[in-house]
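Trainee: Quick one, fold the following:
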Amino acid sequence: MEEEWSLLVRDTDLSLMGLVEEDTALEAVERHLELGAWKVTVPADSPSAELLRAGAGILLLDGDGNTLLSGPRRPLERDADGEDDTLTINGVTDTAAALARTCWPDPATLIPGGSGATQADAHFITSGPAETVMRTLIDVNAGPSALAERRTPNLVLPATQGRGASVTAKVRFDVLLESLWGIAETAGLGFRVIQRGADLVWEVYETTDRAAEVRFSTGLGTLGSYTYKVTPPEVTDAVVGIGGEDTSRRFYRFTRRDPLWPGLVVEEFLDQRNVDPAADPADDDYVDPDEAAAQAADERLTEGAGKASVEFEPIATDAIRWGRDYWLGDTVTAETEIGDVTDVIREVTYTRSPDEGPRIIPSIGDAQDSPAIYKRVGQLRRDVNRLQTRR
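Mentor: Model (predicted):
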């Protein structure tokens, strides 16, 4: 069991109002490059209910006073079943709320109502290390350099450390968060917005492959209860058709078999007739047909691969502790009866109840029951930095 946590309520100015002490259920989910959320239930006639009604958001602190998660509240819910009368407050993380913007092509020019106006630039383009590019996109659309009415109050952007490979972002009314997720994923980075004092601070973290040293197993005494889900791949063999018509088309075949489903073969055809294999490499818009076919196949085989996900309760030891030795985005290994599952920590769930106390439950691999908005993120990320001509 984890050390006792503190659940604090804040007001609209991010000032702390008090401590929630009578919660009967708490669940807070922080996700790597996806939206996070939280929910807390208290007796409807308790002091904590009064506090939550008056407040504007929460902070969840661990036993050492570190902020695990923070975010604003959403509309109230009231449950009454005759005996138990409870109040449930829902909310999102500060990441989801603070960066809810689109990327304007000319973020320095106000877009008015009524008569409207044009934008001086067709796209907003910025290049540099991935962290720097992300910071720039946030700064001009939600940060201190944004138009006054678009700024997120109290948002602080620390100086960039220049992490990640060099990238170019070319955006035109793209959703800011989706653009940031795409850049971060390609650069091996993650980020979140978290309350620190009276500020909402944008924090960037590097993802690390810790599969060899961070292992969870009953034998090592690091794995408590766990659940896993496995689904077969949607496609294992992709045939890509490039350009032309009928017998003049060029075809490529790519295979990616799943070790958990060794006998399964699922074929699929991918049409890439927009790529002309006879085009002149000297042309400005030339696309190498071999590379285009390989890219199309890789994207589909990755998207349609078999899914193995594990939710588990780690047992903290002197050698392995959440937040110190591993974090969101890191790759770790969980030993299960279906074998080792090595994958990225996509989310962590913090729960607390009177019966079980505080619990930390990381999840590795792709969630099997993700909402539709998360399932389409993969495609949206592949569109990052591609020309958006119809907006």
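Trainee: Quick check, Lys307 in contact with Asp366.
Mentor: Yes. Lys307 lies in contact with Asp366 (Cβ atoms under 8 Å); the separation is 5.0 Å. Glycine gets a C-beta too; all of them are placed from N, C-alpha and C.
Trainee: Quick check: neighbours shared by these two?
Mentor: Contact with both Lys307 and Asp366 is made by no residue, according to Cβ atoms under 8 Å, 6 or more residues apart in numbering.
Trainee: And for the residue nearest to Ala54 when sequence neighbours are not counted, the neighbour number?
Mentor: Spatial nearest neighbour of Ala54, chain neighbours left out: Met17 (6.8 Å); criterion: Cβ to Cβ, 6 or more residues apart in numbering. Residues near Met17, counting by other Cβ atoms under 10 Å, number 14.
Trainee: Output stretch 176-185 as CSV, nothing but the C-alphas.
Mentor: Presented in CSV, the C-alpha positions along stretch 176-185 are these (Å, rounded to 0.1, in the frame of the first residue of the first chain):
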residue,chain,number,x,y,z
LEU,A,176,-2.7,22.1,-30.5
LEU,A,177,-2.6,19.0,-28.2
GLU,A,178,-2.7,16.6,-31.2
SER,A,179,0.2,18.4,-32.9
LEU,A,180,2.2,18.4,-29.6
TRP,A,181,1.5,14.7,-29.1
GLY,A,182,2.7,13.9,-32.6
ILE,A,183,5.9,15.8,-32.2
ALA,A,184,6.6,14.4,-28.8
GLU,A,185,6.0,10.8,-29.8
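Trainee: Can you pull out the low-pLDDT segments for the stretch 51-200 of the chain?
Mentor: For the stretch 51-200 of the chain, the stretches with pLDDT under 70 are 80-82.
Trainee: Direction included, what does the helix or strand where the residue nearest to Ala54 lies pair up with?
Mentor: Met17 belongs to strand 16-20 when assigned by DSSP states H and E. Its sheet considered, strand 16-20 pairs with strand 6-10 (antiparallel) by DSSP bridges.
Trainee: which of the residues in the strand it pairs with are buried?
Mentor: Neighbour counts using 16 or more other Cβ atoms under 10 Å place Leu7, Leu8, Val9, Arg10 of strand 6-10 among the buried residues.
Trainee: Name the residues of the helix or strand harbouring Leu200 that are buried.
Mentor: Here Leu200, judged by DSSP H and E, is contained in strand 199-206. Buried positions in strand 199-206, judged by neighbour count with 16+ other Cβ under 10 Å: Leu200, Val201, Trp202, Val204, Tyr205.
Trainee: That strand packs against which elements?
Mentor: Helices and strands touching strand 199-206, by 3 or more Cβ pairs under 8 Å, 6 or more residues apart in numbering; DSSP states H and E, are helix 94-98, helix 130-141, strand 155-156, strand 189-196.
Trainee: Repeat the analysis, applying 10 Å as the threshold.
Mentor: strand 67-80, helix 94-98, helix 130-141, strand 155-156, helix 176-187, strand 189-196 (3 or more Cβ pairs under 10 Å, 6 or more residues apart in numbering; DSSP states H and E).
Trainee: and the strand holding Met17, how far from the chain's centre?
Mentor: Distance of strand 16-20 from the chain centroid (Cα atoms, centre = their mean, to the nearest Å) equals 28 Å.
Trainee: For the next helix or strand after that strand, list every residue counted as buried.
Mentor: Sequence-wise, the next helix or strand downstream of strand 16-20 (DSSP H and E) is strand 25-31. For strand 25-31, a neighbour-count test (16+ other Cβ under 10 Å) marks Leu26, Glu27, Ala28, Val29, Glu30, Arg31 as buried.
Trainee: go on, stretch 294-309?
Mentor: Applying 16+ other Cβ under 10 Å to stretch 294-309 flags Ala296, Ala297, Arg300, Leu301, Gly304, Ala305, Gly306, Lys307, Ala308, Ser309 as buried.
Trainee: now do stretch 117-129
Mentor: Result for stretch 117-129 [16+ other Cβ under 10 Å]: buried residues Gln119, His123, Phe124, Thr126, Gly128, Pro129.
Trainee: repeat for stretch 330-346
Mentor: Neighbour-count burial for stretch 330-346 [16+ other Cβ under 10 Å]: 330-336, 341-346.
Trainee: from these, which single one is nearest Asp288?
Mentor: The closest of these to Asp288 turns out to be Val344 (Cβ to Cβ; 30.1 Å).
Trainee: For the closest one, name its beta-bridge partners.
Mentor: Thr331.
Trainee: That one contacts Thr333, doesn't it?
Mentor: No. Counting by Cβ atoms under 10 Å, Val344 does not reach Thr333; the two are 11.4 Å apart.
Trainee: Measure how the helix or strand where Thr349 lies sits relative to helix 176-187, angle-wise.
Mentor: Per DSSP H and E: Thr349 is located in strand 339-353. Per axes from the mean of the first three to the mean of the last three Cα atoms, to 10 degrees, the angle that strand 339-353 makes with helix 176-187 is 140 degrees.
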